[in-house]
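Novice: I would like to see how this sequence folds:
(one chain, ligands or ions: 1)
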Amino acid sequence: MVDSRQLREYVLFVSAMLSTPLQYGPLTLRNRAFLAPLAGVSDVPFRRICQELGAGLTFVEMLSAIALLVQNDRTIQMLSRHPSEKILGVQVTGPDADRIQRSVRLLDQSHFETIDINMGCPARKVVGSGNGSALLKDTARLEDIVAAARAATTRPLSVKIRLGFTADAINVEANTAAIARAGADMLTIHGRTREDTYAIRVSLPGIAAGFAAARAVNPKIITIGNGDLMEAADAGKMAQATGCDGVMVSRGALGNPWIFRALAGEGSEDPTIAEWEETVLRHLDYHEEHYGDTEIAARLTRKHLLWYASGFPHIHRLREVFNTVPSLAEARRIVSEFAKTLPSDLRRGEDLPREALASADPKYQMDRQLDRGVGALGEA
Ligand SMILES: Cc1cc2nc3c(=O)[nH]c(=O)nc-3n(C[C@H](O)[C@H](O)[C@H](O)COP(=O)(O)O)c2cc1C
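Specialist: Okay, the predicted model is just below:
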């Protein structure tokens, strides 16, 4: 019998494992906590912030193979990277083996260090055109698609899936075995089905079953758990329950890049107000560097600022002003003025129970609409 103390110690032990390097083909990743591809979020500025706070691997948001192959302007812009990004992943979805293969070849030639195939996006527009989680429905076809991607690159190749299309059609084991047979090097499982909203908790046993089926085919396949990793402790629980080699953080990173510092074993996931101010200002600087000092740049920062506006006394009052902030200069002014109102060593969440924090945090109120990875899909 394992008692609760032993279980706690074991969770701490596996959490520490997440901070150790991971060899992914030729790539040496500094740790096993990745930032997910996030549509409309994982752009150059946000990736740089997460990398600097310790993320072991980051990805460009999901791209559409169709848009990529017609050289859609917005999609091509999404391929940009900062010189500091030495290792960068990219993710693509497509409706068939041919288009996936041609787009993977293109991404390979664009020198991304690793390529991921998205087979989980639930958005109606994406699924309706046979992309994203629509690919989960037919295991034989899924295997052909992954094999076609495999044939197009020698770089490390991964696939990100869900447990199945609906609760009545959970086929995670058949799909993960197929993915392993087709030669993927890494497998990420988001432990929900296509029809589940965020109100449904991820199924850790479902993820574990998927990993076991993949490992039965290829014991060396790297397994990454995804879903409901809102704070660092959740990652330990994911690793303990699924035996994953690493984790991919999604909503948990929104306005909260410090989660990577904690998972890397390099500090607290709760910043002091001084650290908060420094990081938010740096994020704004990276926005300016990448998008220019424009109104569009200001508009693009708004969602990040709303996510950052959480966890300190009275910070919710900033949300209204952040929502309409007209310029980067004004955003900087509001951030610094707010930070001045608190003692510089005050830590986020101090004196506030975690549940109170969560209920006030906008990312906990997200529904599936945001989990979409649309990119330029509709425009091709
Ligand atoms: C704003 C947003 C954008 C997303 N974009 C992508 C994407 O481009 N590619 C992808 O594979 N998943 C995408 N996802 C899904 C997440 O990576 C993840 O699988 C899902 O949110 C479950 O993890 P969580 O419960 O920890 O948030 C997105 C999710 C959100 C909230």
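Novice: okay, CA-based contacts and neighbour counts for the rest of this
Specialist: Fine.
Novice: and the residue of the stretch 51-200 of the chain nearest the ligand?
Specialist: The minimum distance from the stretch 51-200 of the chain to the ligand, using CA to the nearest ligand atom, falls at Met62 (3.8 Å).
Novice: beta partners of that residue?
Specialist: Gln91 (DSSP bridges).
Novice: What is the burial count for it?
Specialist: Neighbours of Met62 under the rule other CA atoms under 10 Å: 29.
Novice: Would you agree it is in contact with Asn118?
Specialist: Yes - in terms of CA atoms under 8 Å, Met62 counts as a neighbour of Asn118; the distance is 7.2 Å.
Novice: residues bridging contact with those two, i.e. touching both?
Specialist: By the contact definition CA atoms under 8 Å, 6 or more residues apart in numbering, Met62 and Asn118 are jointly contacted by Gln91, Val92, Thr93.
Novice: top of these by neighbour count?
Specialist: Thr93 (28 neighbours).
Novice: Wait, Phe260 touches Cys50, no?
Specialist: Yes - between Phe260 and Cys50 there is a contact at 6.8 Å, judged by CA under 8 Å.
Novice: higher neighbour count, those two?
Specialist: More crowded of Phe260 and Cys50, by other CA under 10 Å: Phe260, with 31 against 24.
Novice: check whether the one helix or strand that one maps to contacts the ligand.
Specialist: Assigning secondary structure by DSSP states H and E places Phe260 in helix 258-263. No - Helix 258-263 is not in contact with the ligand by CA under 6 Å from any ligand atom; minimum separation 12.0 Å.
Novice: what is the rounded mean pLDDT of that helix?
Specialist: What helix 258-263 shows for mean pLDDT is 97.
Novice: Return the alpha-carbon coordinates of it using CSV.
Specialist: Provided in CSV are the C-alpha atoms of helix 258-263 (Å, rounded to 0.1, in the frame of the first residue of the first chain):
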residue,chain,number,x,y,z
TRP,A,258,6.7,31.7,-14.6
ILE,A,259,5.2,28.2,-14.6
PHE,A,260,8.3,27.3,-16.7
ARG,A,261,10.7,28.7,-14.1
ALA,A,262,9.1,26.4,-11.5
LEU,A,263,9.0,23.3,-13.8
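Novice: Near the ligand, which residues of the protein are found?
Specialist: Counting by CA under 6 Å from any ligand atom, the chain sits next to the ligand at 36-39, 61-62, 118, 190, 226-229, 249-252, 370-373.
Novice: What subset of those residues is buried?
Specialist: 36-39, 61-62, 118, 190, 226-229, 249-252, 371-373 (16 or more other CA atoms under 10 Å).
Novice: Keep only those of the residues you listed that are in strands.
Specialist: Glu61, Met62, Asn118, His190, Asn226, Val249 (DSSP state E).
Novice: Reformat those residues as JSON lines; add distance to Asp168.
Specialist: Rendered in JSON lines, the data for these read as follows (distance: CA to CA, whole Å):
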{"residue": "Glu61", "distance to Asp168": "29"}
{"residue": "Met62", "distance to Asp168": "27"}
{"residue": "Asn118", "distance to Asp168": "21"}
{"residue": "His190", "distance to Asp168": "17"}
{"residue": "Asn226", "distance to Asp168": "21"}
{"residue": "Val249", "distance to Asp168": "27"}
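Novice: Let me know the secondary structure of Tyr364.
Specialist: helix (DSSP: H, G, I helix; E, B strand; the rest coil).
Novice: secondary structure element for the residue nearest to Ile259 when sequence neighbours are not counted?
Specialist: Residue nearest to Ile259 in three dimensions, not counting chain neighbours: Glu269, with 4.7 Å by CA to CA, 6 or more residues apart in numbering. Per DSSP H and E: Glu269 is located in neither a helix nor a strand.
Novice: number of nearby residues for Glu269?
Specialist: Taking other CA under 10 Å as the criterion, the count of residues near Glu269 is 19.
Novice: check contacts around it.
Specialist: Glu269 neighbours (CA under 8 Å, 6+ apart): Glu231, Ala232, Asn256, Trp258, Ile259, Phe260, Arg261, Ala262.
Novice: Need the pLDDT of it.
Specialist: 95.
Novice: Show me where the stretch 201-350 of the chain has its strands.
Specialist: Using DSSP state E, counting those that start in this stretch, the strands of the stretch 201-350 of the chain run over 222-226, 246-249.
Novice: how about TSV for the ones in strands among the buried ones among the residues of the chain next to the ligand, with pLDDT added?
Specialist: Below are these laid out as TSV (pLDDT from 0 to 100):
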residue	pLDDT
Glu61	96
Met62	97
Asn118	98
His190	98
Asn226	98
Val249	98
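Novice: circling back to that earlier point, neighbour-wise, give me the winner out of the contacts of Glu269.
Specialist: Of the contacts of Glu269, with other CA under 10 Å as the count, Phe260 tops at 31 neighbours.
Novice: re earlier: from the shared contacts of Met62 and Asn118, pick the one nearest His290.
Specialist: Minimum distance to His290 across the shared contacts of Met62 and Asn118 is 20.7 Å, recorded for Gln91 (CA to CA).
Novice: Roughly how far does the closest one sit from Arg201?
Specialist: 25 Å (CA to CA, to the nearest Å).
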